[in-house]
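Student: I need the structure of the sequence given here:
(2 chains)
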Protein chains: 2
Amino acid sequence: MHFQLTKEFLEELRIAAQAEDKAWIDEHIVVLHFADIAELLDELTNEQAKFVYFHLDEDIQADVLMELEEDVRDRFLKSLSSEEIAVQLENLDSDDAADILGDLSNKEIQEVISFMTDEEAAEDIVDLLNYHEDSAGGMMQKEFIQARLDWPVDRCLVELRRQAEEVEKVYTIYVVDELNKLVGVLSLKSLLFSTPKTLVSDLYKSKNVISVKTTDSDESVARVMEKYNLVAIPVVDFQNKLVGRITIDDVVDLIKEEADKDFQLASGLSEKVDSNASVFRMSRARLPWLLIGMIGGTFSAQVISTFELSIGKIPALAFFIPLITAMGGNVGVQSSAIVVQSLAKGNQFNTITSKLLKETLIGLLNGIICSLCILGIASAFSDLRLGITVSVALFVVIVFAAVMGSMIPLIMNKYKIDPALATGPFVTTLNDVLGLFIYFSVGMLLFDL
Amino acid sequence: MHFQLTKEFLEELRIAAQAEDKAWIDEHIVVLHFADIAELLDELTNEQAKFVYFHLDEDIQADVLMELEEDVRDRFLKSLSSEEIAVQLENLDSDDAADILGDLSNKEIQEVISFMTDEEAAEDIVDLLNYHEDSAGGMMQKEFIQARLDWPVDRCLVELRRQAEEVEKVYTIYVVDELNKLVGVLSLKSLLFSTPKTLVSDLYKSKNVISVKTTDSDESVARVMEKYNLVAIPVVDFQNKLVGRITIDDVVDLIKEEADKDFQLASGLSEKVDSNASVFRMSRARLPWLLIGMIGGTFSAQVISTFELSIGKIPALAFFIPLITAMGGNVGVQSSAIVVQSLAKGNQFNTITSKLLKETLIGLLNGIICSLCILGIASAFSDLRLGITVSVALFVVIVFAAVMGSMIPLIMNKYKIDPALATGPFVTTLNDVLGLFIYFSVGMLLFDL
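Tutor: You can find the predicted model right below:
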């Protein structure tokens, strides 16, 4: 029951857009859902996209604009004049309009705003630009429906009809007192099923009304909305005055972005890039991690070089270098991933000591199991002494990596550094250097070098 | 504007629950939001939690139950009789009730169902149990509001009032024809602002109504709702008959779970575990990855052992083993992460060849930069020949890892294996083995061994 994009259709669209075939676009594109149109425009050249876009109904243009991929939208907006941008902004929700303006220079912002004819909309947008991008204020929109505590239902309905034209989706009506302070919420359902003269104050719910402050971080907004299963949340200022609302679609986008970012960090990508970015940008996103990895590798080389003589005598010692480093890395990443996730969830009751103790226990258990396995393998490979060397070193490395892997993100978190960084080469390098040192030291002891 | 849990408060609650202090619980707990109560119960013993739970208002109990952490809820339900469970189920949304029943044995399900007094609710739940857990049918609830095409607004309002008692949150009213087939949607807003005799057929929106089929996968439901910015989506059967709806809160949970799963897979954790799991369960979740890592390490040992004589003559060759394997691993994980993410987003237009070409180009660029860096470092470390060996081997390893890292998830995806698995030790092991082989082969050539 939704549009399936095919290569053939896209090809036809390209031809039609190129030929400026209005009839074809009317028949095949204008009828589609705005999200599908955006998906199609993402695949066109800017000139083609522009032609199709300005052929759409004006009230759907804004929706399409917000659904375009970010780089496509940036390119598209760059090709518009300030006046054309101003027209587009007037059809957007205030939060989206502010987001778009936020990417422009101060001079351009002023120019665009001066072209806007809707005074009130312009004021709302300018106001939103004051808030930090990653705060509740930066996420909120000015479009919401509010009712005064002392209104009767019929007065509400008249006002709502007026306000509702601005608000695309009505979720909840916010109830304010005469000072505009948020005092509760009113469901559209309860309004719908009440007599005209009932007062809002008799219908509204004032208990456990969840709101966020303009200065709250976007991540805490997401956490609150998720925890309380909300589809929209009111935003208040420091005087508890209602100033905006945040809807779930923005939070879903945020959750996805955060997850992508964490995944990329855990995979050693230092900038937010998607698979459409240029080769140079993608290369740059990966280099920092690789260079840190090279520094780590050089440290490891330094450690091994101090055992050069031993290796010269017993070259078999070199065989299990990759195993020792790989296992240290694996265990470290596993431990830190668990800790990072539980920190991200805002787990507050497990104290640091109990976490470390638990990781140590898991490390001991897995260390014993892995050591026993490798004792057999490595002994069969060469001789018992090598087996014991690898086995003992592996045990120490696993326990050590488990402890470090959980300690480092905890420490980073304490000093307000994103602990997701800890799952990267930092933990790995430390493990490698120490693991190799342990391995060769045990080897020297056992082989009497 | 929302409850902040403190250790002191939790301590007081523990004491009150232990002492069965009803007055304290009335004053401090019953007034809280259900999500906060659930968070508190998560921290109590089962006996304490049970006491508080059954002291809550009955209509809030179900909400609290669904917000408990999964293992806490399982433990809680296990301590209830079938009859007690049946009472709880009647206050739950049908999808939640079916989820809870789904965890029980067939015998227990039958017993619980037989204790349910609400025939209709029981039927709905039994019906939902037929659908696969990970399908739209398994996610949907039977509570939704529908209106017939031929109803006038006032008839709608009467019916809605009746239906709305069952439906906690009204988002959209689904419009069906006389055969119960979904034909469109009606916003509560449009109903609110129309005259009593207007027909639904004059108000409803039939264009671009997005729905999913019962058999669609949960991931595709999430993708559709996200793409079209929906807060609820209707579910239809193969005859396009309306059978249920899915709300955004379930999708938010799903998105979070998927993200956690991907992150855990990328971090080498093979089962879904949270940081509260027992040491044994956490140990088991990590062992498979570690054992695969050990097998990989053994393969690497095998490769190195074939160069035992060379190492004996030039032990310095062993110095850069960790660097070669670490860099191969890093590059491989980076490449596969990008591919896995773009596959997860359902990117369909970039063909496999263009992706491989791009990754190869990035690999070449980063390979050249890293090789030049390491040429200087390794030469300074020992001599120019070692520098050239490491440099050449590193270049080949980086390019190779970039290509393999992107190819393996693409191939896995083609054969319907979760490509997120590819970021694990599979790619790493392959890179290690081949990287070491290249490294030592180049070394033998240059050192004339």
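
Student: CA only for contacts and neighbour counts going forward, please
Tutor: OK.

Student: please report how far the residue nearest the centre of chain A lies from chain B.
Tutor: Note on chain A: the residue nearest the mean C-alpha position is A:E258, at 1.6 Å, using C-alpha atoms, centre = their mean. Distance, A:E258 to chain B, by C-alpha to the nearest C-alpha, to the nearest Å: 9 Å.

Student: residues contacting the helix or strand containing that residue, please?
Tutor: Assigned by DSSP states H and E, A:E258 belongs to helix A:248-266. Applying C-alpha atoms under 8 Å, 6 or more residues apart in numbering or on different chains, the contact partners of helix A:248-266 are A:139, A:219, A:221-222, A:225, A:230-232, A:270, A:272, A:420-421, A:423-424, B:226, B:229-231, B:252, B:255-256, B:259-260, B:262-263, B:266-267, B:334, B:337-338, B:341.

Student: which of those count as buried?
Tutor: A:139, A:219, A:221-222, A:225, A:230-232, A:270, A:420-421, A:423-424, B:226, B:229-231, B:252, B:255-256, B:259-260, B:262-263, B:266-267, B:334, B:337-338, B:341 (16 or more other C-alpha atoms under 10 Å in any protein chain shown).

Student: related to what we said a few turns ago, report pLDDT for the residue nearest to the centre of chain A.
Tutor: A:E258 carries a pLDDT score of 81 in this model.

Student: same question for A:K272.
Tutor: The predicted local confidence for A:K272 is 64.

Student: again, but for A:S354
Tutor: The model's pLDDT for A:S354 equals 77.

Student: what of A:T351?
Tutor: At A:T351, the predicted lDDT confidence score is 64.

Student: give the rounded mean pLDDT of stretch A:51-71.
Tutor: The pLDDT scores in stretch A:51-71 average 89.

Student: can you give me the end-to-end span of it?
Tutor: Using C-alpha to C-alpha, to the nearest Å, one end of stretch A:51-71 lies 18 Å from the other.

Student: so what touches it?
Tutor: By C-alpha under 8 Å, 6+ apart, stretch A:51-71 touches A:17, A:20, A:22, A:25, A:30, A:34-35, A:37-39, A:41-42, A:73, A:88-89, A:91-92, A:96.

Student: filter those by proximity to chain B?
Tutor: Among these, the residues lying close to chain B (C-alpha under 8 Å from any C-alpha of the partner chain) are A:A35.

Student: so which of the contacts of stretch A:51-71 belong to helices?
Tutor: Mapping the contacts of stretch A:51-71 onto helices (DSSP state H) picks out A:17, A:22, A:25, A:34-35, A:37-39, A:41, A:73, A:88-89, A:96.

Student: with just CA atoms, put the worst-scoring helix or strand of chain A on mean pLDDT into CSV.
Tutor: Here the helix or strand of chain A ranked lowest by mean pLDDT, DSSP states H and E is helix A:188-192, holding a mean of 77. Provided in CSV are the C-alpha atoms of helix A:188-192 (Å, rounded to 0.1, in the frame of the first residue of the first chain):
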residue,chain,number,x,y,z
LEU,A,188,-8.8,16.2,21.7
LYS,A,189,-10.9,13.1,22.6
SER,A,190,-12.1,14.6,25.9
LEU,A,191,-13.0,17.8,24.1
LEU,A,192,-14.8,15.9,21.4
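
Student: helix/strand/coil for A:I246?
Tutor: Per DSSP: H, G, I helix; E, B strand; the rest coil, the secondary structure class of A:I246 is strand.

Student: can you give me the pLDDT of it?
Tutor: pLDDT, A:I246: 93.

Student: what's the closest non-adjacent residue to it?
Tutor: Of all residues not flanking A:I246 in the chain, A:M140 sits nearest, at 4.6 Å (C-alpha to C-alpha, 6 or more residues apart in numbering or on different chains).

Student: where's that neighbour relative to B:G293, distance?
Tutor: The value you get for A:M140 to B:G293, if C-alpha to C-alpha is used, is 47 Å.

Student: try A:L186
Tutor: For A:L186, the distance to B:G293 - C-alpha to C-alpha - is 57 Å.

Student: what's the answer for A:Q264, then?
Tutor: Noted for A:Q264: a distance of 22 Å to B:G293, by C-alpha to C-alpha.

Student: more crowded one of A:M140 and B:G293?
Tutor: Taking neighbours as other C-alpha atoms under 10 Å in any protein chain shown, A:M140 and B:G293 compare with A:M140 leading, 28 against 25.

Student: next, give phi and psi for the more buried one.
Tutor: phi -70, psi 160 (degrees, to the nearest 10).

Student: check contacts around it.
Tutor: A:95, A:128, A:235, A:244-247.

Student: what of A:V221?
Tutor: Contacts of A:V221 by C-alpha under 8 Å, 6+ apart are A:136, A:212, A:251.

Student: and it, helix, strand or coil?
Tutor: Put simply, A:V221 is helix when judged by three-state DSSP.

Student: and it, what pLDDT?
Tutor: A:V221 carries a pLDDT value of 93.

Student: measure it to A:S211 for me?
Tutor: Distance of A:V221 to A:S211, computed by C-alpha to C-alpha: 9 Å.

Student: do a quick rundown of the helices in the stretch 1-150 of chain A.
Tutor: Along the stretch 1-150 of chain A, the stretches classed as helices by DSSP state H, counting those that start in this stretch are A:7-18, A:22-28, A:34-41, A:46-55, A:58-67, A:70-78, A:82-90, A:94-102, A:106-115, A:119-128, A:136-139.

Student: any residue of the shortest one touching chain B?
Tutor: No: taking C-alpha under 8 Å from any C-alpha as the criterion, helix A:136-139 and chain B are apart, separated by no less than 13.4 Å.

Student: what's that helix in contact with?
Tutor: So helix A:136-139 is contacted by A:95, A:128-133, A:212-218, A:221, A:235, A:244, A:246, A:250 (C-alpha under 8 Å, 6+ apart).

Student: now list the buried members of those residues.
Tutor: By 16+ other C-alpha under 10 Å, the contacts of helix A:136-139 give A:95, A:128-129, A:131-133, A:212-218, A:221, A:235, A:244, A:246, A:250 as buried.

Student: quick check: A:E111 touching A:S82?
Tutor: Yes: under the criterion of C-alpha atoms under 8 Å, A:E111 makes contact with A:S82 at 6.4 Å.
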